[in-house]
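> Curious how this folds, go ahead:
(chains A and B)
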2 protein chains.
Amino acid sequence: MNSPKTKISSSPADFGLGNVTQRVEIHNLPLQSGKSLDRITLAYSTVGQLNREKSNGILICHALTGDQFVASPHPITQKPGWWDQIIGPGKLIDTNRFFVICSNVLGGCMGSTGPASVKPDGGEVYGLSFPMITIGDMVKAQVGLIDHLGIDQLFAVIGGSMGGMQVLEWAAHYSERVFAAVPIATAARHSAQNIAFHEVGRQAIMADPDWREGNYQKFGKVPHRGLAVARMAAHITYLSEPTLHQKFGRRLQERDRPSFGFEADFQVESYLRHQGSSFVERFDANSYLFVTRAMDYFDLYAERGGILSENFRDIKTRFCVTSFTSDWLFPTSESRAIVQALNAVAANVSFVEIESPYGHDSFLLDLPEFHQTLSGFIEASARIRGIA
Amino acid sequence: MNSPKTKISSSPADFGLGNVTQRVEIHNLPLQSGKSLDRITLAYSTVGQLNREKSNGILICHALTGDQFVASPHPITQKPGWWDQIIGPGKLIDTNRFFVICSNVLGGCMGSTGPASVKPDGGEVYGLSFPMITIGDMVKAQVGLIDHLGIDQLFAVIGGSMGGMQVLEWAAHYSERVFAAVPIATAARHSAQNIAFHEVGRQAIMADPDWREGNYQKFGKVPHRGLAVARMAAHITYLSEPTLHQKFGRRLQERDRPSFGFEADFQVESYLRHQGSSFVERFDANSYLFVTRAMDYFDLYAERGGILSENFRDIKTRFCVTSFTSDWLFPTSESRAIVQALNAVAANVSFVEIESPYGHDSFLLDLPEFHQTLSGFIEASARIRGIA
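Next up, the predicted model:
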């Protein structure tokens, strides 16, 4: 598949999103649904310098509730970048050597065009009139960004969870532009159970009267409670039973004995409530609806008559696939299916299932075995690609 | 522990709950919280006849959203009793031989006293002023019922999930009154992950403005949306990923292609929405809060300085413990902990982990291996007890 036919203009960043955010405008983006979006913005951040050969670009794709603040402090939470641990000068992804790019996904709410954006005619915000977007559409917008940056071939595209879906989409549709692909803790299609969990979250948001059929911005409202419940349910799926047991067990929160009431008696309840309420500060409810839906629609099997490997025929991209033993949201069986499809077309793929008790969120944590796997693959690929 | 000091009176059933529901009134029930309840009602159903020796009583304990309609059609849904498959004349639990009793739990909403009940002074409904109840309190009320029925020792106490917690509570505190105990797919304490899922459900209910701080009955409202979301989230935990995959996969609901919208495109969404909306017809939101909380508080370790086996020292009750391979809500490890505690005090216990793809709800399904296990244990125990 070719790059989208897009006109691109760019302007210095602002958005109140910190000085690391830049933006690119794409004048027309045809969407998988058949609709199209005019004048979309992608907000992105970069770290490091593009080399003369333009061969050292690494695109990091973020997960459902991630954003472009991958290696710089988040402007709202002030927390370090979400992958600060592995990206930076001298780190695993060494920004003295690599040019790291991370854009907020289409449909997101940190500067990229999404349902909370004002329509291009300068009138109302989109709200539910925003067209449904897919993982394919998100990636098509990223292709526009990479075009804009003048990069023919990315050295690597890396991402976990929904980020991993984007990695697979890049490999399936733009493989000539990806030297190495690192899909982490992900799947080539969203499972029934995961669709079910997403549906619970969406129903929680839509059940909040402050959602106002998606028009809350017009009314100066935010569906805090619904979005918090959605986040709480999702957050459980990012962890694991052993982690929750080890971290909280049945320990009580600031009391010696149960209150015999509905306060947050247990530490795990207080933790979850905090996860819910802090999420609301930084995420838009309609974005949550659209982006979860994009994940639900993701299905690389369906596009090729049910045969996953057909996406990867004659592919030259090198793959490193990883999963985590305790991840029950994107279990190892999903990664194995990807590897089997790649093997079926004799693609270059390594696969490691990392031992970890921390569940799906493992890819965001400091796990030496995982980091060694990533590092080994990146170093070997850089040698082959001739990156100093 | 002795039976609760209770005065008992009974009266013929009605409640609009069908002619199988009977009721018993207990005049005072001291609760684990230190509070007490005056004049509580337990609604119950019985099938079969108590024999002359009063040795053939089997108490069935229901799960979170179950009720006393264990072997007779449900008056609201008109569906067969929830364990109709195994209870009845000539069935696994043969009501030609056994006298089966099942009561709606204290805190429930099918005729037993709970938060939706009118206070004994005839004034308002309890709502959130209902005192917090525990699994121990539920069982204490059941002891009152068994006293009322003139039964010294039950032949068996059987239950799955929250019903299994009640079985363990009977064994731990009233073992001399239980000849055989069958805790199924349960745990001796509620796990952090399970508390977390319950908390999501409670927050969903409390986020619904129609909940009105628990006073919805006064306002003629029902927090439909919150309760439906709570049920949807919980329902996922009752199934398994393989079941959802097999049952629904990514199949679309009454359409050939995705709508690219927020309708229930996928069958699994439509199924979940139905689960949510139909649950609201038959369950009270405040009951859901209180009964989930009772499960969260359940912890047989805590009562004995962290040593589970201390609950069962010198116990003569025969145990049959079962779990299901794909049950991730009450995984086999929880049953194994119960068995290890029973072994540590040389109790009579058999343990079978049943191979099943259907998740936690397996105990409600027609699984031959499970039914053979139950049947073998019941028959052998009946021989030992001398029941014809």
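
> in the stretch 101-250 of chain A, which spans are helices?
For the stretch 101-250 of chain A, applying DSSP state H, counting those that start in this stretch gives helices covering A:135-148, A:162-173, A:192-207, A:224-238, A:241-247.

> Now render those helices as CSV, adding distance to residue A:279, mean pLDDT and mean neighbour count.
Yep, even glycine has a C-beta here, placed from its N, CA and C like the rest. Formatted as CSV, the helices of the stretch 101-250 of chain A follow (distance: least, CB to CB, whole Å; pLDDT from 0 to 100; neighbours: other CB atoms under 10 Å in any protein chain shown):
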stretch, distance to residue A:279, mean pLDDT, mean neighbour count
helix A:135-148, 21, 98, 24
helix A:162-173, 16, 98, 26
helix A:192-207, 11, 98, 25
helix A:224-238, 4, 97, 25
helix A:241-247, 18, 95, 17
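
> Dump those to JSON lines, plus distance to residue B:350.
Shown next, in JSON lines, are those (distance: least, CB to CB, whole Å):
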{"stretch": "helix A:135-148", "distance to residue B:350": "50"}
{"stretch": "helix A:162-173", "distance to residue B:350": "45"}
{"stretch": "helix A:192-207", "distance to residue B:350": "32"}
{"stretch": "helix A:224-238", "distance to residue B:350": "33"}
{"stretch": "helix A:241-247", "distance to residue B:350": "26"}
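
> Could you dump the ones you listed into CSV with distance to chain B added?
What follows is those, written out as CSV (distance: least, CB to the nearest CB, whole Å):
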stretch, distance to chain B
helix A:135-148, 10
helix A:162-173, 14
helix A:192-207, 4
helix A:224-238, 4
helix A:241-247, 4
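
> between those, which gets nearest to residue B:68?
Residue B:68 lies closest, by CB to CB, to one member of the helices of the stretch 101-250 of chain A: helix A:192-207, at 29.2 Å.

> Output the closest one as CSV, nothing but the C-alphas.
Provided in CSV are the C-alpha atoms of helix A:192-207 (Å, rounded to 0.1, in the frame of the first residue of the first chain):
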residue,chain,number,x,y,z
ALA,A,192,-13.9,-11.2,22.2
GLN,A,193,-13.0,-10.8,25.8
ASN,A,194,-11.1,-7.6,25.2
ILE,A,195,-14.0,-6.2,23.1
ALA,A,196,-16.2,-7.1,26.1
PHE,A,197,-14.1,-5.2,28.5
HIS,A,198,-14.0,-2.2,26.2
GLU,A,199,-17.7,-2.3,25.8
VAL,A,200,-18.1,-2.2,29.6
GLY,A,201,-16.0,0.9,29.7
ARG,A,202,-17.9,2.6,26.9
GLN,A,203,-21.2,1.8,28.5
ALA,A,204,-20.0,3.2,31.8
ILE,A,205,-19.1,6.5,30.0
MET,A,206,-22.4,6.6,28.1
ALA,A,207,-24.4,5.9,31.2
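
> mind checking the SS state of residue A:46?
strand (DSSP: H, G, I helix; E, B strand; the rest coil).

> Next, the contact list for the residue nearest to it when sequence neighbours are not counted, please.
Excluding its sequence neighbours, the residue lying closest to residue A:46 (CB to CB, 6 or more residues apart in numbering or on different chains) is residue A:101, at 5.2 Å. Contacts for residue A:101 (CB atoms under 8 Å, 6 or more residues apart in numbering or on different chains) come out as A:44-46, A:57-60, A:145-146, A:149.
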